[in-house]
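Student: sequence and predicted model, in that order:
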Amino acid sequence: MKSTLQSVGLLLAGTIIFASCRTVYAPNAVNVPLLQGKGEFKALIANNNLQVATAVTDHIGIMANGFLNNYTSDDKTFKNNGKGAEIGIGYFAHTDKRITYEAYGGAGLYNVRIREDNNTKTLDTDAVKYFVQPSVGWVNQYFEVALSPRLSVLKYTKPEIVGYNSQERADNFFDILDQKAHAFIEPTLTVRGGYRFVKLQVQYGYSYKVTKNNINDDSGIGSIGLIFDIGNWYKTTK
């Protein structure tokens, strides 16, 4: 029981880490639809994440993702808030045994705001994010599992910085944030269990920075939530 609670804590730790070191990038959950056919619709409600996907044909899917991460310190003097939205399109297919493979690409907009010392120190910046994510998984009425290595590339605008001295700006890489794009490889494991139209989803992964330019980022990817599935495939599957 103790190890289970510790694992759940690790999945949710991103919310805490996001705020602890003036973080400007915290990876959102990976949207892994594992769609099976035209007309299917899936929606995930998880900590800090809202995701939807639908199959517009038997092999083409579209997705939309929303992300919100707000942290305020106990003494109310530090706030580290991030939000974003993404859209994507991709291809999917499956075998007769429901082994499913898919690849999606898309883009999104992000915003980060940091406030501390009664708003005497502030940072505001926006970013454009591009992503590509192949996945392979297996699906049945009761269980779904998938591996998904996502490539994320972010390009920040010049941040609006107030109140931080030159050493603080250098230590947190604020002045070089917008100079180059930042790329990350983000492999994740997604596991779902339930019955047909509703399952519990647990996702865990890690974000590896692959570009050399420095940034304050959160390396953990973790979410727990419910995924709802409206489709015809499970009505004809034993």
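Tutor: Everything's here; your move.
Student: contacts and neighbour counts: CA atoms only from here.
Tutor: Fine.
Student: ok, so what distance separates the closest residue to P27 other than its chain neighbours from N165?
Tutor: Leaving out its chain neighbours, the residue that sits closest to P27 by CA to CA, 6 or more residues apart in numbering is I221, at 6.3 Å. For I221, the distance to N165 equals 32 Å [CA to CA, to the nearest Å].
Student: who has more neighbours out of those two?
Tutor: A side-by-side neighbour count of I221 and N165, using other CA atoms under 10 Å, places I221 first with 24 against 10.
Student: need phi/psi at the residue sitting nearest the centre point of the chain.
Tutor: Central residue of the chain (CA atoms, centre = their mean): N28, 1.8 Å from the mean position. When read as degrees, to the nearest 10, the backbone of N28 gives phi -80, psi 170.
Student: so what's it closest to, chain neighbours aside?
Tutor: Nearest to N28 is F67, by CA to CA, 6+ apart, at 6.4 Å.
Student: beta partners of the one you found?
Tutor: N49, G84 (DSSP bridges).
Student: what's near enough to touch it?
Tutor: N28, N48, N49, L50, G82, K83, G84, A85 (CA atoms under 8 Å, 6 or more residues apart in numbering).
Student: just the closest of those residues to D178, please.
Tutor: Relative to D178, the closest of the contacts of F67 is G82; by CA to CA it sits at 16.8 Å.
Student: for the closest one, which three-state class applies?
Tutor: strand (DSSP: H, G, I helix; E, B strand; the rest coil).
Student: pairing partners for the nearest residue to it once chain neighbours are set aside in the sheet, please.
Tutor: Excluding its sequence neighbours, the residue lying closest to G82 (CA to CA, 6+ apart) is V112, at 4.5 Å. Counting by DSSP bridges, V112 forms beta bridges with G82, T125.
Student: and the pLDDT for V112?
Tutor: V112 is assigned 96 on the pLDDT scale.
Student: now for it, how many residues are close by?
Tutor: Neighbour count of V112, defined by other CA under 10 Å: 22.
Student: packing partners for the helix or strand where V191 lies?
Tutor: Element membership of V191, judged by DSSP states H and E, is strand 182-195. Counting contacts by 3 or more CA pairs under 8 Å, 6 or more residues apart in numbering; DSSP states H and E, strand 182-195 packs against strand 143-156, strand 198-206, strand 208-209.
Student: returning to what we had before: distance check, the residue nearest to G82 against D75.
Tutor: Counting by CA to CA, the gap from V112 to D75 is 21 Å.
Student: how about the helices in this protein?
Tutor: 2-12, 14-20, 166-171 (DSSP state H).
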